[in-house]
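Visitor: Coordinates only, no sequence provided:
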């Protein structure tokens with residue numbers, strides 16, 4: 001079975017279990033041409049679900065476990081049958097482990113983990129005579145002379161030690177580079193939190209689209225969120241859901257994030273090493289708390305405390 005399926009010896013146990021499973025459903029002359037399954041369970045076994053050991057399979061990924069652009073199926077290898085309930089035992093090639101699934105498509109003409117790849121390609125040139133109906137056209141060059149806008153990766157200077165972090169605070173420039181997008185709206189007041197407790201954003205087909213740099217503002221906040229300000233991750237993610245058609249309430253929520261940055265750009269957390277540090281983490285979800293599509297929002301908090 002292993003040689004026919006082009007599989008390694010590491011799955012010999014699965015092959016042995018599958019062989020026993022099949023043999024228990026084959027008639028034997030020693031028991032009056034009945035199957036061992038029929039002797040035990042007093043009924044004839046069904047063989048409609050049986051497949052060729054080691055053939056290629058495609059395991060369906062449920063909708064709730066895949067994103068919009070993810071593939072609907074994963075490649076696998078058929079290993080056997082599950083005894084507890086009606087399902088197949090499969091080897092997921094991408095995951096590298098045995099999975100159990102009922103939604104499987106079988107390709108019983110393909111075996112092994114991957115098709116053989118030729119070690120050397122033929123480099124022989126073949127000549128073809130062009131007929132009168134063929135046309136040969138040179139590829140147009142896409143290069144142009146002159147200046148062009150070039151996107152570069154900017155460097156971010158981080159403090160080397162605690163003294164420089166507290167005294168110089170050079171990392172505040174990252175906030176200053178972002179906040180000019182909404183300087184006119186954020187100079188009046190500051191906020192102590194990036195999102196309000198009663199804020200519930202939802203899309204609206206009847207509301208008028210706001211005339212504001214909403215996409216640019218959210219993009220700048222995303223850069224800052226991944227760099228030095230993870231505390232605005234929830235607020236930015238909540239606002240980024242309305243990039244295509246932002247309304248006035250969505251723009252107000254984004255401006256609140258900038259006002260929060262204006263009020264906390266000099267704040268920071270300094271962690272000192274020590275043996276009396278207690279690290280705790282908590283997580284929770286609101287379970288279908290979104291009013292528009294009833295999606296759940298997960299949250300987490302990490303606490304680094306000094307033991308008393």
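Guide: Yep, it's here. What you see is a predicted model, and the numbers here were worked out from it, not measured in a lab.
Visitor: how near is residue 75 to residue 12?
Guide: 22 Å (C-beta to C-beta, to the nearest Å). Backbone N, C-alpha and C define where each C-beta goes, glycine included.
Visitor: Check the residue most central in space within the chain and give its pLDDT.
Guide: The residue lying closest to the centre of the chain (C-alpha atoms, centre = their mean) is residue 67, at 7.3 Å. Turning to residue 67, the model gives it a pLDDT of 84.
Visitor: quick one: it is in a helix?
Guide: No: according to DSSP: H, G, I helix; E, B strand; the rest coil, residue 67 belongs to no helix; its state is coil.
Visitor: ok, now which ones touch it?
Guide: By C-beta atoms under 8 Å, 6 or more residues apart in numbering, no residues touch residue 67.
Visitor: How much space separates it from residue 287?
Guide: Relative to residue 287, and taking C-beta to C-beta, residue 67 is found at 20 Å.
Visitor: helix or strand for residue 76, which one?
Guide: Using DSSP states H and E, residue 76 maps to strand 73-81.
Visitor: Partner strands of that strand, with direction?
Guide: Pairing partners of strand 73-81, with direction, according to DSSP bridges: strand 55-60 (antiparallel), strand 88-92 (antiparallel).
Visitor: Give the rounded mean pLDDT of that strand.
Guide: Rounded mean pLDDT across strand 73-81 is 91.
Visitor: likewise stretch 192-209?
Guide: 78.
Visitor: List the buried residues for that stretch?
Guide: For stretch 192-209, a neighbour-count test (16 or more other C-beta atoms under 10 Å) marks 194, 195, 201 as buried.
Visitor: quick check, nearest of the residues you listed to residue 258?
Guide: residue 194 (9.3 Å; C-beta to C-beta).
Visitor: Contacts only, for that closest one.
Guide: 231, 232, 234, 235, 256, 257, 260.
Visitor: Other residues contacting stretch 12-29?
Guide: Contacts of stretch 12-29 (C-beta under 8 Å, 6+ apart): 1-2, 5, 7, 33-37, 45, 47, 50, 53, 79-81, 83, 89, 91, 98.
Visitor: For residue 246, see how far away residue 238 is.
Guide: The value you get for residue 238 to residue 246, if C-beta to C-beta is used, is 12 Å.
Visitor: try residue 75
Guide: 41 Å.
Visitor: So for those two, which residue has more residues nearby?
Guide: A direct count of neighbours by other C-beta atoms under 10 Å for residue 75 and residue 246 places residue 246 higher, at 24 against 18.
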